[in-house]
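Engineer: fold the following.
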Amino acid sequence: MIKKLTLLVALSFPLGFMPEQAVSAELSQYTAGRVQRAHNLQQDEKLADAIAMLEGLNLSRAYDKAYVQRMLGVFYWQQNIKTKAIANLTDAVNSGLLQDEQAWLTQRMLADILLTSEEFKQALPHYYALSNNVPENQNADELWLRIAQSHYQISEWQQSLSAIKTYAELAGKLDVQPLTIKLGAQLQLKQWKAALPTLESLIVLEPNKLVWWQQTAGIQLRLGQSNSALDTLALARRQGVDLSQQDLKTLAQLYAQRGIPERAAIVYSQLDGADSDVDLLVLQAQYWQIAKEWDKSITVWRQAAALNNKHRWPLAQLLLQQGHYQQAIAELDKVKDKAYEADVALAKVRAYYKLDNLEKAVIFAKQADNIESTTASKSWIKYLSQKREMAS
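Structural biologist: Below is the predicted model:
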């Protein structure tokens with residue numbers, strides 16, 4: 001979730017000054033001359049030669065050694081040899097001898113290289129030290145963002161949140177990167193309620209990013225806020241966010257839970273495979289039926305029955321309910337499930353009775369009674385027999 005931070009400061013040598021400035025008073029004449037030569041080689045883009053010359057120096061003075069190590073650290077970094085850059089800069093910083101105006105930047109450079117090398121634990125002490133004495137021309141908030149990221153990467157969630165809080169106080173606002181770190185830490189700590197305002201801020205900054213909407217709805221569901229989850233997903237859709245198929249299924253379910261079955265049916269009808277997936281067709285048919293959209297439900301039940309014959313039975317029942325008796329009989333004739341045999345016979349009794357075909361109604365009433373004698377079958381037989389006698 002958290003992207004790695006890139007270095008936000010230009011790391012190059014000399015760090016804002018010429019070697020012969022401010023060093024002549026402390027570097028030995030011999031070392032100062034070699035440092036100047038190395039600097040000139042670097043300016044001529046001969047870094048390898050500059051490194052070889054500095055590496056070959058046999059220095060006895062501690063300050064000279066620390067100064068050259070700093071210079072080597074910068075050169076190795078420029079050649080993308082991070083391990084040697086880190087080793088030399090670490091020795092230079094730890095010596096405590098470099099107290100010139102570039103000392104802070106040297107430690108900052110070391111901290112940043114450690115961070116980009118994913119040496120987060122090693123980077124943290126340097127960032128904290130730097131944060132205690134920030135020059136006026138440097139941004140303290142950048143340090144705290146790196147501190148937050150470093151803690152996050154080593155799963156120190158609470159420390160990461162504390163660092164983000166300090167960052168926000170210094171920066172005055174939170175953009176996407178610190179908000180993402182904050183959210184990640186809150187989720188790891190299961191601070192669900194606290195995560196919701198963070199997600200709201202992220203949605204404001206990146207309204208088209210699906211994951212923020214998904215996580216918001218997910219947390220709302222976790223907290224039992226199903227109405228809020230519905231509103232979140234519905235708003236995302238209205239704003240043109242491309243919801244996943246699972247998100248849309250969740251949205252449909254939430255519409256159904258809120259008592260808006262027609263919206264549930266519409267959402268299911270817009271899913272991939274809505275016209276060919278029998279399970280999706282059944283859901284559409286059921287929700288149209290709950291919404292009392294009988295014709296729409298019948299249409300979709302027909303599609304489902306064409307794909308799987310077991311859906312003939314609910315289709316026939318709905319046709320019968322709506323008075324489409326001939327169509328109901330045609331569908332009942334296609335129901336093959338033995339479990340519904342008696343029910344199908346009774347359904348035909350009702351259909352033929354409504355069509356004033358008492359002879360067939362009696363036949364199917366007796367058939368139903370033979371399959372499974374019930375109060376309903378016996379009542380139909382008695383009633384229809386009486387009707388037939390009266391008619392004759």
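
Engineer: in which helix or strand does residue 197 reside?
Structural biologist: In this assignment (DSSP states H and E), residue 197 forms part of helix 192-205.

Engineer: just the buried residues of the helix or strand following that helix, please?
Structural biologist: Moving toward the C-terminus from helix 192-205, the next helix or strand (DSSP H and E) is helix 210-222. If you call a residue buried by 16 or more other Cβ atoms under 10 Å, then helix 210-222 has these buried ones: 212, 213, 214, 215, 216, 217, 218, 219, 220, 221. Placement of C-beta: from N, CA and C, glycine included.

Engineer: from these, which is closest to residue 130?
Structural biologist: Nearest to residue 130 out of these is residue 212 (Cβ to Cβ; 32.4 Å).

Engineer: who are the contact partners of the closest one?
Structural biologist: 199, 202, 203, 206 (Cβ atoms under 8 Å, 6 or more residues apart in numbering).

Engineer: and it, what's its pLDDT?
Structural biologist: Here, the pLDDT recorded for residue 212 equals 98.

Engineer: try residue 27
Structural biologist: With respect to pLDDT, residue 27 has a value of 88.

Engineer: which residues does residue 228 contact?
Structural biologist: residue 220.

Engineer: that one sits in which helix or strand?
Structural biologist: helix 226-238.

Engineer: what mean pLDDT does that helix have?
Structural biologist: Here the average pLDDT along helix 226-238 is 97.

Engineer: which residues belonging to the next helix or strand after it are considered buried?
Structural biologist: Scanning forward in sequence from helix 226-238 by DSSP H and E, the next helix or strand is helix 245-257. Going by neighbour count (16+ other Cβ under 10 Å), the buried part of helix 245-257 is 247, 248, 249, 250, 251, 252, 253, 254, 255, 256.

Engineer: so what's the residue lying closest to residue 233 once chain neighbours are set aside up against?
Structural biologist: Excluding its sequence neighbours, the residue lying closest to residue 233 (Cβ to Cβ, 6 or more residues apart in numbering) is residue 251, at 4.4 Å. By Cβ under 8 Å, 6+ apart, the contact set of residue 251 is 230, 233, 234, 237, 243, 267.

Engineer: make a markdown table from the residues you listed and add distance to residue 44 and neighbour count to it.
Structural biologist: Formatted as a markdown table, those follow (distance: Cβ to Cβ, whole Å; neighbours: other Cβ atoms under 10 Å):
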| residue | distance to residue 44 | neighbour count |
| --- | --- | --- |
| 230 | 67 | 22 |
| 233 | 61 | 26 |
| 234 | 64 | 17 |
| 237 | 61 | 17 |
| 243 | 58 | 19 |
| 267 | 67 | 26 |
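
Engineer: which SSE is immediately downstream of the helix or strand that contains residue 312?
Structural biologist: Using DSSP H and E, residue 312 sits within helix 312-321. Counting by DSSP H and E, the next helix or strand C-terminal to helix 312-321 is helix 325-332.

Engineer: which strands or helices does that next one pack on?
Structural biologist: Packing partners of helix 325-332 (3 or more Cβ pairs under 8 Å, 6 or more residues apart in numbering; DSSP states H and E): helix 312-321, helix 341-354.

Engineer: TSV for those, including distance to residue 378?
Structural biologist: Putting those into TSV (distance: least, Cβ to Cβ, whole Å) gives the following:
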stretch	distance to residue 378
helix 312-321	21
helix 341-354	11
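
Engineer: out of those helices, flag the one nearest residue 129.
Structural biologist: Here helix 312-321 is closest among those (Cβ to Cβ), at 72.8 Å.

Engineer: and the closest one, C-alpha only, in PDB?
Structural biologist: The C-alpha coordinates for helix 312-321 follow below in PDB (Å, rounded to 0.1, in the frame of the first residue of the first chain):
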ATOM      1  CA  ARG A 312     -39.700 -23.900 -14.600                       C
ATOM      2  CA  TRP A 313     -41.500 -24.400 -11.300                       C
ATOM      3  CA  PRO A 314     -41.200 -20.900  -9.900                       C
ATOM      4  CA  LEU A 315     -41.900 -19.500 -13.400                       C
ATOM      5  CA  ALA A 316     -45.100 -21.600 -13.700                       C
ATOM      6  CA  GLN A 317     -46.200 -20.500 -10.200                       C
ATOM      7  CA  LEU A 318     -45.800 -16.800 -11.100                       C
ATOM      8  CA  LEU A 319     -47.600 -17.300 -14.400                       C
ATOM      9  CA  LEU A 320     -50.400 -19.000 -12.500                       C
ATOM     10  CA  GLN A 321     -50.500 -16.200  -9.900                       C
END
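
Engineer: list of residues touching it?
Structural biologist: With Cβ under 8 Å, 6+ apart as the criterion, helix 312-321 contacts 285, 289, 294, 297-298, 301-302, 304-305, 325, 327-328, 331-332, 334-335, 337, 340, 343-344, 347, 350-351.

Engineer: give me the most central residue, the protein.
Structural biologist: Nearest to the geometric centre of the chain sits residue 211, at 3.4 Å (Cα atoms, centre = their mean).

Engineer: kind regards, and thank you for your time.
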